[in-house]
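Visitor: the following block contains a protein sequence and its predicted model.
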Amino acid sequence: MNIGFDLDGVFIDKPPFIPKWGIELLYRERSKSLSYRFPGKPEQLLRKLSHKRMFRPLIKKNIDVIINPKRQNKHAFFLISARFSFLQKETENLLSSHRLKELFDATWFNVSNMQPHLFKENVIKKLTIHRYVDDDLELLMFLSNCYAHIKFFWLNKKKKKVLAKNLFAIQNLSDVFR
Ligand SMILES: [Mg+2]
């Protein structure tokens, strides 16, 4: 299978002192349809700072889940991160210092600053992804509407259930391989 993974919230944790709803409040546009804010210069600098390695701990248990199937070459893994281009340097440093890149057959980054859901929609189609994991439920609802034949997984801390025919809430990353 071709399996796609988001980066933040799947393999990399948020800074410990900011709640998830706080990040979403900052990142989302306040409108009815799904839309993400592209921040101005001062906020870009702040976000760059908050993306330094010391504030973004590795989610080790999720890395462990994909190491074995990767070694056995059972599946092809793709890292698909919609981080905007101003975080490119921080992202590359993070991936190389944790040696994350070698876990994936290819990595895709949002260097042209597309809206994250549209960027992911595009890449998922290009790579003929069969399963995709993310921690952003609204984004997954959008994607699962676009592609009925792909299975989408919402990695979260509270729920484990079927949200739509092709959208599943899971608490453990290993559930993606079932
Ligand atoms: Mg995420």
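Guide: In hand now; what should we look at?
Visitor: ok, now which ones touch the one residue in the chain that gets nearest to the ion?
Guide: When scored by C-beta to the ion, the chain has Gly9 as its residue closest to the ion, at 3.6 Å. Every C-beta, even on glycine, is put in place using the N, C-alpha and C of the backbone. Contacts for Gly9 were tallied using C-beta atoms under 8 Å, 6 or more residues apart in numbering; they are Lys20, Asp134, Asp135, Asp136, Leu155.
Visitor: likewise Pro57?
Guide: Contact partners of Pro57, counting by C-beta under 8 Å, 6+ apart, are Ile12, Asp13, Pro16.
Visitor: in space, what's closest to Pro16 - neighbours in sequence excluded?
Guide: Pro57 (7.3 Å; C-beta to C-beta, 6 or more residues apart in numbering).
Visitor: do a quick rundown of the strands in this protein.
Guide: Under the criterion DSSP state E, strands of the chain are mapped to 2-5, 76-81, 106-109, 131-134, 151-155, 161-164, 167-170.
Visitor: okay if I get those strands as TSV plus distance to the ion?
Guide: Shown next, in TSV, are the strands of the chain (distance: least, C-beta to the ion, whole Å):
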stretch	distance to the ion
strand 2-5	10
strand 76-81	8
strand 106-109	13
strand 131-134	6
strand 151-155	9
strand 161-164	17
strand 167-170	14
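Visitor: least reliable of the ones you listed going by mean pLDDT?
Guide: Among the strands of the chain, strand 161-164 has the lowest mean pLDDT, at a mean of 86.
Visitor: tell me what that one is packed against?
Guide: Here strand 161-164 touches helix 137-146, strand 167-170, going by 3 or more C-beta pairs under 8 Å, 6 or more residues apart in numbering; DSSP states H and E.
Visitor: please list the residues of this protein that sit near the ion.
Guide: Applying C-beta under 5 Å from the ion, we find that the chain lies next to the ion at Asp6, Asp8, Gly9, Asp135.
Visitor: who wins on neighbours among those?
Guide: Asp6 (23 neighbours; other C-beta atoms under 10 Å).
Visitor: can you get me a residue count around the closest residue in space to it that isn't next to it in sequence?
Guide: Once flanking residues are discounted, Asp6 sits nearest to Asp134: 4.0 Å by C-beta to C-beta, 6+ apart. Other residues lying near Asp134 total 25 when counted by other C-beta under 10 Å.
Visitor: now do the contacts for Asp134.
Guide: Going by C-beta under 8 Å, 6+ apart, Asp134 touches Phe5, Asp6, Gly9, Val10, Lys120, Leu140, Leu143, Phe152, Phe153, Trp154, Leu155.
Visitor: swap in Lys165?
Guide: By C-beta under 8 Å, 6+ apart, Lys165 lies in contact with Ala148.
Visitor: cool, and the one 5 residues further on?
Guide: The contact partners of Ile170, taken as C-beta under 8 Å, 6+ apart, are Phe153, Trp154, Leu155, Asn156, Lys160, Val176.
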